[in-house]
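Asks: Structure for the following, please:
(2 chains)
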Amino acid sequence: MNDLSVHFDGVSKRYPHFSLEDIHLELPAGSIMGFIGANGAGKSTTIRILMGLVHQDEGSVMVLGHPMPLDQAAAKLDIGFVSEDMRLYGQATLSWHMDFMRPIYPRWDQAYGEALARRFDLRPQQKIKGLSHGQRVKAALLLALARRPRLLVLDEPTTGLDPVARVEVLNELMAVLADEDRTILFSSHNTLDVEQISDQITFIDRGRIIDSDDKEVFLDRWRRLRLVLPPDGVVPRLPGIIEVGGSSRLPVLTTNRFEPAMVSVCNDLGATVQAVDTMTLEEIFVANVHSRRERLTA
Amino acid sequence: MNYSMVKKLIFKDWYFQRSAILLSLAGGLASLGIVAFGGKAGFFIGLVLLICVIITIAATLVMNTLVAERDNQTLAFVMSLPISYLEYTAAKILVNLLVFVAFWLILVAGSLALIVAAPPIHGLFAFTVIMAVEILASTCLMIAVALVTESKGWTISAMIVGNLAINVVGYIVAHIPGIAKGMWGTVIQWRPAASISLATEFALIALLVGGAFFIQSRKKDFI
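Replies: Have a look, this model is predicted:
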């Protein structure tokens, strides 16, 4: 419990047209969690509850040992937060923002901030309103990182960036994170972004967390099996089958509990395994969401 | 209460609004000059200009320090700082009231000094004090509405209501027997009716500021 940076326990939040239901989320200290969901899935609401900006209707939230939202001011001293809808003051320079924040955060590292400005190719004396969107995101990241937070919360920071700026921001972020030891929650609807930097993955859909595990476990246990069935053959019953696609003779099974022994099981049942395909995080996410939605509508 | 953070937010808003404040102060002092040295016509023109300057700076402060935080999406940045809702509320009310009251005090003190220095209009003293506090109450209405709703539309509506209220209250106060009597006289008079009017206005101000705090403390969604 003590080494959890974030702990959501049965958190719910209800709006007239959207509900976040029974969220259980644990983020161990030192881990990087990718928080993936479609637009409107509840990522930002969850993060706002984490930051104490929205009160949960039910459940408890502990962030860095502080109950939220009650103790949000103390918790936020150790949190660096960047969100897609966060803007800096356009009429002020990056240098002004750094000077404004320096006395607020005891661990503020001015030399690191200046080094980040050089790495991000930002001019501290330039006004924020003169920066491109990509540069503004980098400026916000700089301000979040230079406070040396124990927890970094990034809510869709790459949304709205053009492909070049997105890659630049992600590359810079990975370079910065490579030599750091901090806890990070990175939300996005773009699985490629999340896959690059995360070691844990949580999927959220329609206000509920649908799966959460280590990234490698996800990638190891999800597979697509391409089978060839004999005439009148039936699809073998295998554990963890999420989706059955393809045709009746050439079914494609998606499983979330793959084990190499499955291949011999299929062969024993008369089906020929043509191929066992690994899946990308995006394919796993989409299959996961589809399967859950189908279960709900069934 | 984290006073250090509240102070930081107050200085931040002062820094961004300093040009508007200083420009309005120059405009207000120029209006006072017109009142003092512009003759009979100048007295009324200067007075109208003065009221316009006071109302304008109040509206500018409220729009730029409260409504713009949400419109410009800087509220997420401010609320990511180690600050609670109530500290944010306190900082916003204080910056608006401190700047406005400092500005308002200079101009109201100037107006009252002019009245005291000109015996023919001594009778306007009580009316001027009551109307000055009415402008302060209208500003508090704007601050409270802007803070609670963070909406440009509602804030503009509150501005319109506040400005109309200045005319309505002015008319009513000018017709209260205890105040109307001697209003155009040459003697400074302060009757119980003036004290009651003033107490009512201060009670309204306390209600507006307290109400804003109360509603903010019960808010569940801040962004």
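
Asks: only C-alpha atoms for contact and neighbour calcs from this point on.
Replies: Will do.

Asks: which bits of chain B sit near chain A?
Replies: If contacts are counted using C-alpha under 8 Å from any C-alpha of the partner chain, the residues of chain B sitting beside chain A are B:5, B:16, B:72-77, B:79-84, B:220-223.

Asks: what number of residues lie near A:Gly207?
Replies: A:Gly207 sits with 22 neighbouring residues when counted by other C-alpha atoms under 10 Å in any protein chain shown.

Asks: For residue 56, which three-state class applies?
Replies: With no chain named, the answer covers chain A. Reducing the assignment to helix, strand or coil with DSSP: H, G, I helix; E, B strand; the rest coil, the entry for A:Gln56 is coil.

Asks: Verify the contact between it and A:Arg48 for me.
Replies: No. Checked against C-alpha atoms under 8 Å, the pair A:Gln56 and A:Arg48 is beyond contact range at 9.6 Å.

Asks: buried subset of the residues of chain B next to chain A?
Replies: Members of those that pass the buried threshold by neighbour count (16 or more other C-alpha atoms under 10 Å in any protein chain shown) are listed as B:5, B:72-77, B:79-84.

Asks: Now intersect these with the helices, please.
Replies: Within those, membership in helices is found for B:Met5, B:Leu75, B:Ala76, B:Phe77, B:Met79, as judged by DSSP state H.

Asks: Can you check the pLDDT for the third one?
Replies: By that I understand B:Ala76. At B:Ala76, the predicted lDDT confidence score is 92.

Asks: Distance check, it against A:Tyr105.
Replies: 17 Å (C-alpha to C-alpha, to the nearest Å).

Asks: same question, the second one
Replies: B:Leu75 sits 19 Å away from A:Tyr105 when distances are taken as C-alpha to C-alpha.

Asks: can you give me the helices for chain B?
Replies: Shown for chain B, the helices assigned by DSSP H span residues B:3-37, B:39-62, B:68-71, B:75-79, B:85-117, B:125-149, B:152-174, B:177-180, B:192-218.

Asks: Quick check: buried residues in the last one?
Replies: The neighbour-count criterion (16+ other C-alpha under 10 Å) identifies B:193-194, B:197-198, B:201-202, B:204-205, B:208-209, B:212-213, B:216 as the buried residues of helix B:192-218.

Asks: And the fifth one, by the same measure?
Replies: By neighbour count with 16+ other C-alpha under 10 Å, helix B:85-117 contains the buried residues B:85-97, B:99-101, B:103-104, B:107-108, B:110-112, B:114-116.

Asks: Ok, the second one next?
Replies: The neighbour-count check on helix B:39-62 (16+ other C-alpha under 10 Å) flags B:42-43, B:46-47, B:49-51, B:53-55, B:57-62 as buried.

Asks: Remind me what it packs against, helices and strands.
Replies: For helix B:39-62, the contact count by 3 or more C-alpha pairs under 8 Å, 6 or more residues apart in numbering or on different chains; DSSP states H and E identifies helix B:3-37, helix B:85-117, helix B:125-149 as packing neighbours.

Asks: how about the residues of the stretch 1-150 of chain A near chain B?
Replies: When proximity is defined as C-alpha under 8 Å from any C-alpha, the stretch 1-150 of chain A approaches chain B at A:48, A:51, A:53-56, A:72-77, A:80-81, A:83, A:85-89, A:91, A:104.
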